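**Student:** 3D model of this:
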Amino acid sequence: MINSTRVSFFTLGAYFDTGLFKYFLFIIVMLLYILIVCANVLLIVVICVNRSLHEPMYLFLCSLFVNELYGSTGLFPFLLLQILSDIHTVSVPFCFLQILSVYTYASIQFTNLAVMSYDRYLAICCPLQYNTRMTHNKVAMLITVTWLYPFLAILILIFLTAPLQLCGNIIYKVYCDNYSIVKLACSDTTVNNVYGIFYSFATVFLVFLILYTYMRILKVCFSGSKRTRQKAVSTCTPHLASLLNFSCGCFFEIVQNRFDMKHVPNMLSIFLSLYWLTCQPLFNPVMYGLNFTKIRITCTSVIFGKM
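**Tutor:** Got it, this is the predicted structure:
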């Protein structure tokens with residue numbers, strides 16, 4: 001019979017001794033975190049203080065930028081501490097807290113992108129009905145659902161994982177990961193696996209729903225005037241780029257979790273596992289800030305004090 005025990009901490013086994021190079025890594029990661037915080041805070045402030053940006057599209061973008069701050073804060077301070085530390089352990093409660101933060105960030109990201117695609121569908125395909133269908137109350141409801149659903153879904157995931165009897169306490173990641181803990185379990189994980197599959201299918205369905213929505217948008221645009229096509233491309237391109245970038249990052253993470261990646265160099269494995277958590281919070285502000293004229297002009301005014 002396999003021995004199981006209640007663990008009080010987890011060891012993060014993906015870290016390795018980098019010597020003095022760890023200080024260089026620390027500076028790089030810290031600068032990346034500062035850049036992410038500054039970029040997202042700037043865009044949140046710009047949208048909040050400029051009344052001309054109090055439109056559904058920009059309010060959904062504001063929700064997206066708040067989520068970037070939330071997800072980054074759930075990872076970067078912890079990552080910075082672990083880079084400098086010689087002992088890479090984390091208490092069980094904090095580990096589950098980080099899982100809640102990281103997983104809800106990812107889920108909110110997809111849900112927010114789905115809401116944004118619905119908003120663009122109404123604006124481009126049903127322009128005459130847009131103001132009556134996308135009211136302030138509906139915007140508030142959609143943003144609430146965008147944040148509430150992921151928290152409920154991930155809390156269920158954690159409540160299913162927390163009671164498991166474990167045969168070890170080593171997680172081969174640089175941050176806490178739910179699936180890695182489930183793989184350590186000696187007790188039955190059927191319910192965890194079924195719920196995980198259901199949640200994964202729900203996320204995949206959401207991605208395909210977003211893609212289908214944009215296919216409908218493009219179909220309407222290409223049957224319209226040149227100006228309509230240009231407007232649609234300028235507003236939809238950042239959304240699609242954000243979706244594809246984040247989906248690719250999540251795909252890398254799923255592949256690493258589900259398949260044996262021992263042949264992959266350690267540094268590459270760490271980069272792939274962090275890609276979806278580090279690149280997206282920086283990618284979105286740059287993409288939306290550069291592509292949306294109103295945001296770009298207002299950002300310039302805020303930075304140079306012309307507001």
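
**Student:** please count neighbours and contacts with C-alpha atoms only from this point.
**Tutor:** OK.

**Student:** so where's the chain shaky on pLDDT?
**Tutor:** 1-5, 224-225, 228-229, 231, 260-262, 302-307 (pLDDT under 70).

**Student:** nearest residue to the middle of it?
**Tutor:** The residue lying closest to the centre of the chain (CA atoms, centre = their mean) is Ala106, at 3.5 Å.

**Student:** for Leu42, see how far away that residue is.
**Tutor:** Ala106 is 22 Å from Leu42, where distance means CA to CA, to the nearest Å.

**Student:** cool, and Asn137?
**Tutor:** Applying CA to CA, the value for Asn137 to Leu42 is 26 Å.

**Student:** looking at those two, which one has more neighbours?
**Tutor:** The residue with more neighbours, out of Asn137 and Leu42, is Leu42; 17 against 8, by other CA atoms under 10 Å.

**Student:** what sits closest to the more buried one if chain neighbours are left out?
**Tutor:** Among residues not flanking Leu42 along the chain, Cys299 sits closest, at 7.3 Å (CA to CA, 6 or more residues apart in numbering).

**Student:** count of neighbours near that neighbour?
**Tutor:** By other CA under 10 Å, neighbour count at Cys299 equals 22.

**Student:** tell me the secondary structure for it?
**Tutor:** Of the three states, Cys299 takes helix according to DSSP: H, G, I helix; E, B strand; the rest coil.

**Student:** got the contact list for it?
**Tutor:** Leu42, Leu43, Val46, Gly289 (CA atoms under 8 Å, 6 or more residues apart in numbering).

**Student:** let's have the residues you listed in JSON lines, adding distance to Tyr199.
**Tutor:** As requested, the contacts of Cys299 are arranged in JSON lines below (distance: CA to CA, whole Å):
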{"residue": "Leu42", "distance to Tyr199": "33"}
{"residue": "Leu43", "distance to Tyr199": "31"}
{"residue": "Val46", "distance to Tyr199": "35"}
{"residue": "Gly289", "distance to Tyr199": "32"}
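
**Student:** out of those residues, list just those in helices.
**Tutor:** Leu42, Leu43, Val46, Gly289 (DSSP state H).
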